[in-house]
Each structure stands twice: as C-alpha cells, then as structure tokens.
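Visitor: Here is my input, please return the structure:
(one chain, ligands or ions: 1)
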Amino acid sequence: MFDQASIEKFEQIATPFYYYDMELLGHTVDTLADLARKYDVNVHYAVKANVEKRILETVSSRGIGADCVSGNEVRRALECGFPADRTVFAGVGKSDREIYEAMNAGIEAFNCESLHEIYVINAMAAAFGLRARVAARINPNIDAHTHQYVTTGLFENKFGIAHHEFDTLAELLGRCGNIDFTGLHFHIGSQITEVGSVFALEAERVGEIVTYFEDKGLHVGSVDFGGGLGVDYEAPDASPVAPFETWFRTITGSYCRRPGQSLHFEPGRSVVAQCGTLVTRVLFVKSGETKNFLILDAGMNDLIRPALYGAYHKIENLSSCFRKGFSEMQAYDVVGPVCESSDVWGQGRLLPLSVRGDLMAIRSAGAYGQVMASRYNLRDFAPAVFSDELDSAPCYTDYFSMPASHPERSRGYVD
Ligand code: LLP
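Guide: Numbers count the residues shown, from 1 in each chain. Have a look, this model is predicted:
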C-alpha cells in the first residue's frame, strides 16, 4: 500500500497524522458514481464519516449529493460544492436555527424523525414564508447484525417514526400546508457485512411500508435506503473498494420500484474508510509481566473506534519494510498514551520486532476517525496530510516534533 518514497516522506512529518490516499478516494468515488448511473440510483455521501474539505470537494466533484446530520454539516457541504438541492438533512434533534438555515438554503429534503419535528418544520415554514421538502424517516425494526452502538433500525432505537404512528403521520402530512412530502427514508445501521441477506430484508420491508402509505393516498416519490455498507477492516489492501455493486444489485433486485420513483443511498464509511491511515510512531517498548507493550504516540483521542466499539483496525510497522535481513516476529499489545486502560489499538498483535521511532500505520481510518477525535488529556488534534500534497506537508520544526529515530535525538534503546 505504501511505497518507499511515501514512507521516507512520512519520516519527515511530526506524528501522529491522518494520511489520505487521494488516488484511492478518486477511484472509489468514480466507481460509486458509475454504478449509481448503471443502477439508476442517487447517492448522497454521509458527510459525518469525514468532513475534511479536500475529501468533500473530491466527492462533490463527481456529482454525488450530501447526507448531513447537523446545521454545520449542511453549511460545510454547501461550501464544498454539494448543491443544496442534492443535500438532505437527517437527525433526531434538529434545533430551530439548524432548521431555519437549511430551509432557507433550499435543501433537497429534511429527513424527519418524529411527528413533532414535522409539525415544527411546517410551523416554521409558515412563520418565515418558506416551503420545506420533507421525507419521513421510518423505523423498520430490522436487525442489521452489527455492533449494538451502530444499530439504528430496531424499535428500541431512538431513530425514525414508529409503526404505531403511521396513521397519524399520513393524516398529519395531509394537514401540513407549508411542506411538500417527498418520500420515505430508512437507515438500519452501519458496518453491515451480511450485504445479501440484511439489505434484501430491508428492501422487502421497505416495499411493504411504501405500499402501506400508498394505500393511505400518499405519493411516495423517493425512497432512501440509508447507508451502512461495511468495509473490510481485516484486509484493506485486498478490498480497497467496498462492494457497492452487490449493495445496489441486492436492493434494486428486492424492491419493486414504482414508476417515476427515485431511489437513494447514503454511504459514508464505504466511501472514505480505506483511503485513510493514521500514521503514528513507537514511543516506547515495554516488557510487562505477561506481555510486551508497544506504546504509540497516537491514542484513543485520535481514533476512538477500538476503545468505543472494540473495533479492529489493521496495524502495520512501516519502518520494518526497509530493515535488512530477517525480521523476527513478536506478539504485542499495541497501546496509546492516553490514561485509560481502554486506550488499546490491538491485543496480541503479531508484528515485526519493533523499536522506538518505528513508523506505524493504523489502517482503514478514513471514516469516523478524524471526525470523532477529541482533545482528551489536552492532546493536540492529529492533522490531515493528503497524498497529492505530500511534498508540501509540514515537516518537523523543532526537537520535540522530530521523529525519535532522527539521529539528533536519542533513540534511548540498545540495538
Ligand atoms: N445515513 C444515516 C441516517 C446515518 O445515520 C449514517 C450513519 C449513514 C447514513 C452512513 O452510514 P455508513 O455508510 O457510514 O455506515 N461512528 C460509528 C458509525 C456511526 C454511523 C452513524 N450513522 C463507527 O465508527 O463505526
């Protein structure tokens, strides 16, 4: 994945940083846009997965729309080239200011998650003399077979409008004079790997719900199946592009599209996960009572997925590629510097013998990495470095941002 020239350049940059392979991103987005044309579906990138401007500009340049969940995301999407009429706004708790600004910008639709929200949007549209397009997000009660924290389509979850409110919803939409009903929206969860079975079930359930509302006299002009397509965290090089075609084929094959109806998808993770890597360095090697610890300079504040979901990210030692001769393998608990026992990158990972200053790659970090970073322990945010700007990436400027492997800095270990 990384060539020698890139790794040599990484050596000059203060770690940790997020590295984005813009060639892979471009290829992923081109593939997605081509498949969207082939299957005659609309794609809205779920901005929450990564909000870096260069990334958003790359995605918007291919004619893909945006799926946002906050007023700031809507604003950022518009700034980065997504047209308002291809931008949707979901989320269970939109503030009045967020609603007003998005309505004023003329977004494609609010994906409304409660009857109360529809009522408020209608009232605000009347008060400001505007109109709003509204889709209803429905909770279809489908198990996405993924981590409970990223399951969104079960009755126990806070998302979407529940079945027992369907009749009231149809009646409310008939009464709201300042909104235009566009269709139905769904999203059942994230990192879904059982693509064939789970999405086929979603498509069938969606078909039943669409029929229900049509029988109530509503015109369902658009159906949005949400995002959720999983990526291969175990083997990012073998599967750099997610199985978009299987996803589109499964859903369009299991759902009976009505004449003139538009179908929509909202991938987030599958667009950006594989192009991102968190590049970090070994600070210390420590021999514990029962295991060896590799302590990195990136921690859970930089990428919280392992600590929060027990998520797996592949870890590679980049420096070891260029060491001469046989590299002995060693099992390590790879950990970060944050003062929490959950700040662990991986337990018992088999890696080449690693030493202070080695560059390490935490792979598949492009989605829900930088966006979920915090300054816990008052640590700095890891900056973004883009592959096509590598030559102008900021190099280290002082002793402390210098890699520990630099000859001017004590390596502090015995070879
Ligand atoms: N549409 C809606 C309404 C969503 O809530 C989400 C994600 C997506 C689309 C995009 O889903 P994707 O294609 O990325 O699976 N932080 C978690 C993931 C949270 C996903 C939240 N909603 C993680 O790191 O795994």
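Visitor: burial count for the residue nearest to residue 249 when sequence neighbours are not counted?
Guide: In space, and not counting its chain neighbours, residue 249 is closest to residue 39: 7.2 Å by Cβ to Cβ, 6 or more residues apart in numbering. All C-beta atoms are positioned from the backbone trio N, CA, C, and that covers glycine. Residue 39 has 18 neighbours, counted by other Cβ atoms under 10 Å.
Visitor: is it true that residue 333 lies in a strand?
Guide: Yes. Judged by DSSP: H, G, I helix; E, B strand; the rest coil, residue 333 forms part of a strand.
Visitor: about what we covered before: list the contacts of the residue nearest to residue 249.
Guide: 248, 249, 252 (Cβ atoms under 8 Å, 6 or more residues apart in numbering).
Visitor: For the residue in the stretch 51-200 of the chain that the ligand sits nearest to, the count of nearby residues, please.
Guide: The stretch 51-200 of the chain approaches the ligand most closely through residue 190 (3.2 Å), counting by Cβ to the nearest ligand atom. Counted by other Cβ under 10 Å, the residues lying close to residue 190 total 25.
Visitor: For whichever residue of the stretch 301-415 of the chain sits closest to the ligand, give me its contacts.
Guide: Nearest residue of the stretch 301-415 of the chain to the ligand: residue 368, at 3.2 Å (Cβ to the nearest ligand atom). Neighbour list for residue 368: 48, 49, 50, 268, 269, 273, 305 [criterion: Cβ under 8 Å, 6+ apart].
Visitor: Pull up the per-residue confidence for residue 322.
Guide: Per-residue confidence at residue 322 stands at 78 (pLDDT).
Visitor: same thing with residue 405?
Guide: Reading off the model, residue 405 has pLDDT 60.
Visitor: Phi first, then psi, for the closest residue to residue 243 other than its chain neighbours.
Guide: Nearest residue to residue 243, sequence neighbours excluded (Cβ to Cβ, 6+ apart): residue 195, at 6.0 Å. Here the main-chain torsion angles of residue 195 (degrees, to the nearest 10) amount to phi -60, psi -50.
Visitor: pretty sure residue 195 is touching residue 247, no?
Guide: Yes. The pair residue 195 and residue 247 qualifies as a contact (Cβ atoms under 8 Å) at a distance of 5.8 Å.
Visitor: higher neighbour count, the two?
Guide: residue 247 (25 against 19).
Visitor: Spit out the contact partners of that one.
Guide: By Cβ under 8 Å, 6+ apart, residue 247 lies in contact with 195, 199, 229, 265.
Visitor: Quick check, the second one in contact with residue 251.
Guide: Yes. Counting by Cβ under 8 Å, residue 199 sits close enough to residue 251 to count as a contact (5.4 Å).
Visitor: Look up the closest residue to the residue nearest to the spatial centre of the chain, ignoring the ones flanking it.
Guide: Among the residues of the chain, the one closest to the centroid is residue 49, at 2.6 Å (Cα atoms, centre = their mean). Taking Cβ to Cβ, 6+ apart as the measure, residue 49 lies nearest to residue 268, with 3.4 Å between them; neighbours along the chain are not counted.
Visitor: count of residues packed around the one you found?
Guide: Taking other Cβ under 10 Å as the neighbour definition, residue 268 ends up with a count of 23.
Visitor: just residue 227 next, same as before
Guide: 26.
Visitor: do the same with residue 35
Guide: 17.
Visitor: which residues does it contact?
Guide: 244, 245, 248.
Visitor: cool, residue 160 as well?
Guide: 113, 137, 138, 139, 140, 152, 153, 186, 187.
Visitor: roughly how far apart are it and residue 116?
Guide: Remark: distance between residue 160 and residue 116 (Cβ to Cβ, to the nearest Å) = 13 Å.
Visitor: go on, residue 124?
Guide: Counting by Cβ to Cβ, the separation of residue 124 from residue 116 is 13 Å.
Visitor: just residue 93 next, same as before
Guide: For residue 93 relative to residue 116 (Cβ to Cβ), the value is 11 Å.
Visitor: what's the answer for residue 371, then?
Guide: Counting by Cβ to Cβ - residue 371 and residue 116 are separated by 28 Å.
Visitor: Residue numbers of the stretch 201-350 of the chain in contact with the ligand?
Guide: Neighbours of the ligand within the stretch 201-350 of the chain, by Cβ under 6 Å from any ligand atom: 226, 227, 228, 229, 266, 267, 268, 269, 270, 305, 309.
Visitor: remind me, longest strand of this protein?
Guide: The longest strand of the chain (DSSP state E) is strand 276-287.
Visitor: residue boundaries of the strands in the stretch 101-250 of the chain?
Guide: Using DSSP state E, counting those that start in this stretch, the strands of the stretch 101-250 of the chain run over 109-112, 132-137, 179-185, 222-224.
Visitor: Determine which stretch of those strands is the most buried.
Guide: Stretch with highest mean neighbour count among those: strand 109-112 (a mean of 28; mean count of other Cβ atoms under 10 Å).
Visitor: can I get the CA coordinates of it in PDB?
Guide: Extracted in PDB, the C-alpha atoms of strand 109-112 (Å, rounded to 0.1, in the frame of the first residue of the first chain):
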ATOM      1  CA  ALA A 109     -35.300  17.400   2.000                       C
ATOM      2  CA  PHE A 110     -35.400  17.200   5.800                       C
ATOM      3  CA  ASN A 111     -35.400  13.500   6.800                       C
ATOM      4  CA  CYS A 112     -37.800  13.900   9.700                       C
END
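Visitor: Mean confidence (pLDDT) on that strand, please.
Guide: The model assigns strand 109-112 a mean pLDDT of 98.
Visitor: residues touching residue 336, list them.
Guide: So residue 336 contacts 295, 296, 298, 299, 300, 301, 302, 343, 344, 345 (Cβ under 8 Å, 6+ apart).
Visitor: Surely the second one and residue 285 touch.
Guide: Yep, that's residue 296 we're talking about. No. Checked against Cβ under 8 Å, the pair residue 296 and residue 285 is beyond contact range at 10.7 Å.
Visitor: So the two - more neighbours on which side?
Guide: Taking other Cβ under 10 Å, residue 296 and residue 285 do not tie; residue 296 has more neighbours (26 against 17).
Visitor: How about the more buried one: which residues does it bridge to?
Guide: residue 282 (DSSP bridges).
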